[in-house]
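In: Output the structure for:
(one chain, ligands or ions: 1)
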Amino acid sequence: MAAFTMDATWLPFHPAPSKPAFVLPPGAVDAHCHVFGPGDEFPYAPGRKYTPCDAGKDQLWALRDRLGFSRNVIVQATCHGADNRAVVDALRASGGRAKGIATVRRSVTDADLAELNTAGVKGVRFNFVKRLVDTTPPDELLEIAHRIAPLGWHVVIYFEAADLPELYEFITRLPTTVVVDHMGRPDVSKPVAGPEFGLFVQLMRDNPHIWSKVTCPERLSHLGPPDYTDVVPFARHLVETFPDRVLWGTDWPHPNLKTHMPDDGALVDFIPKIAPTAALQQKLLVVNPQRLYWPEEVA
Ligand SMILES: O=C(O)c1cc(C(=O)O)oc(=O)c1
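Out: Next comes the predicted model:
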């Protein structure tokens, strides 16, 4: 019997994503996805807030190939806490086609960091979403940020728009490049030009080291599939205003969705709506992730 049973309300990832109509440019990177376990091999963390379905590296590679991506950035999911073994195993098995984002505590040793670095980890994730994690004090996070900075790593940060005023100063003080998950989770029923999203745009405008993932229409939309039209103006605004500081990813296997499970092929078809020109698509999908995750390839 399997050691873990997924939550009763858990929606598993789409079993057979469609082939997207949008043909991804050569070298496209899915810059935000996760692996879950499998739990029997890589146990879920005792302090986790959810138990997902297993979604291992082989299923991720199959999705990558089906959608037409060349490479992945695998972000440590909160259900694995600070145990990065599932991500590291995937990175090592990827043949250089995946990089990773880890979660570490203050107790991490320099030897641990060096090992993560060798495996292909390029950053750490700080999570402020209260339904996903217990709070880590900002001084501990700052200490971690200063320890990973010399490795050339960056910080990936996940928070909700309502918490940005409180986090604003902390984020701007981070000593590395900062990548914000899912556009800082705007409430897309509010205006793009309104104060809430305006504060996020100001954060990016005033801080050239801050990037955003223009991800998760399926998570942010109130109107829902298939078009997620309410998310388009938010993502498109960031892509057009900060074309050199945006990343795109599937967010597969889509943790904690409750209303529906997206067809990942349809998510890829969302890309031209938010990055309408070939030049913007090339930056979003190829050039920007390469600069951050495979910088040795950039002349
Ligand atoms: O909104 C979420 O539930 C969510 C969770 C996680 C995670 O548990 O790591 O990652 C994400 O990118 C999004």
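
In: Next up, phi/psi of the residue most central in space within the chain, please.
Out: Central residue of the chain (C-alpha atoms, centre = their mean): His32, 3.5 Å from the mean position. Backbone geometry at His32, expressed as degrees, to the nearest 10, gives phi -150, psi 100.

In: which parts of stretch 41-57 are buried?
Out: Within stretch 41-57, the residues scored as buried using 16 or more other C-beta atoms under 10 Å are 42-44, 48-57. Backbone N, C-alpha and C define where each C-beta goes, glycine included.

In: Hmm, I typed the wrong one, I wanted stretch 256-268.
Out: Buried positions in stretch 256-268, judged by neighbour count with 16+ other C-beta under 10 Å: Asn256, Leu257, Met261, Pro262, Asp263, Asp264, Gly265, Ala266, Leu267, Val268.

In: Identify, from those, the entry nearest to the ligand.
Out: Asn256 (3.5 Å; C-beta to the nearest ligand atom).

In: Settle this for me: that closest one is touching Thr51, isn't it.
Out: No - under the criterion of C-beta atoms under 8 Å, Asn256 makes no contact with Thr51, lying 11.2 Å away.

In: which residue sits closest to Lys19, ignoring its sequence neighbours?
Out: Gly265 (5.8 Å; C-beta to C-beta, 6 or more residues apart in numbering).

In: Please render the buried residues of stretch 256-268 as CSV that adds secondary structure to the earlier fields.
Out: Output for these, formatted as CSV (DSSP: H, G, I helix; E, B strand; the rest coil):
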residue, secondary structure
Asn256, coil
Leu257, coil
Met261, coil
Pro262, coil
Asp263, coil
Asp264, helix
Gly265, helix
Ala266, helix
Leu267, helix
Val268, helix
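
In: what does the stretch 1-150 of the chain put close to the ligand?
Out: Contact residues (C-beta under 6 Å from any ligand atom) of the stretch 1-150 of the chain with the ligand: Ala77, Thr78, Cys79, Leu132.

In: wait, what's in contact with the second one?
Out: With contacts defined as C-beta atoms under 8 Å, 6 or more residues apart in numbering, the neighbours of Thr78 are Arg48, Lys49, Tyr50, Thr103, Asn127, Leu132, Val133, Pro255.

In: ok, so of those, who is nearest Phe69?
Out: Comparing the contacts of Thr78 against Phe69 with C-beta to C-beta picks out Pro255 as the nearest, at 19.4 Å.

In: Name the secondary structure element that contains the closest one.
Out: In this assignment (DSSP states H and E), Pro255 forms part of neither any helix nor any strand.

In: neighbours around it, how many?
Out: Using other C-beta atoms under 10 Å, the number of residues around Pro255 comes to 21.

In: contacting residues around it?
Out: Neighbour list for Pro255: His34, Phe36, Tyr50, Pro52, Ala77, Thr78, Cys79 [criterion: C-beta under 8 Å, 6+ apart].

In: Can I take it that the third one is in a strand?
Out: No - Tyr50 sits outside any strand when classified using three-state DSSP, being coil.

In: Just to check, it is in contact with Trp10?
Out: Yes - at 7.3 Å, Tyr50 and Trp10 qualify as touching, with contact defined as C-beta under 8 Å.

In: Test my guess that the residue nearest to Lys19 contacts Pro20.
Out: Yes - with contact defined as C-beta under 8 Å, Gly265 and Pro20 form a contacting pair (4.5 Å).

In: what sits in contact with each of these two?
Out: Leu67.

In: From the chain's centroid, how far away is the strand or helix carrying Ile171?
Out: Per DSSP H and E, Ile171 falls inside helix 164-173. Distance, stretch centre to chain centre, for helix 164-173: 19 Å (C-alpha atoms, centre = their mean, to the nearest Å).
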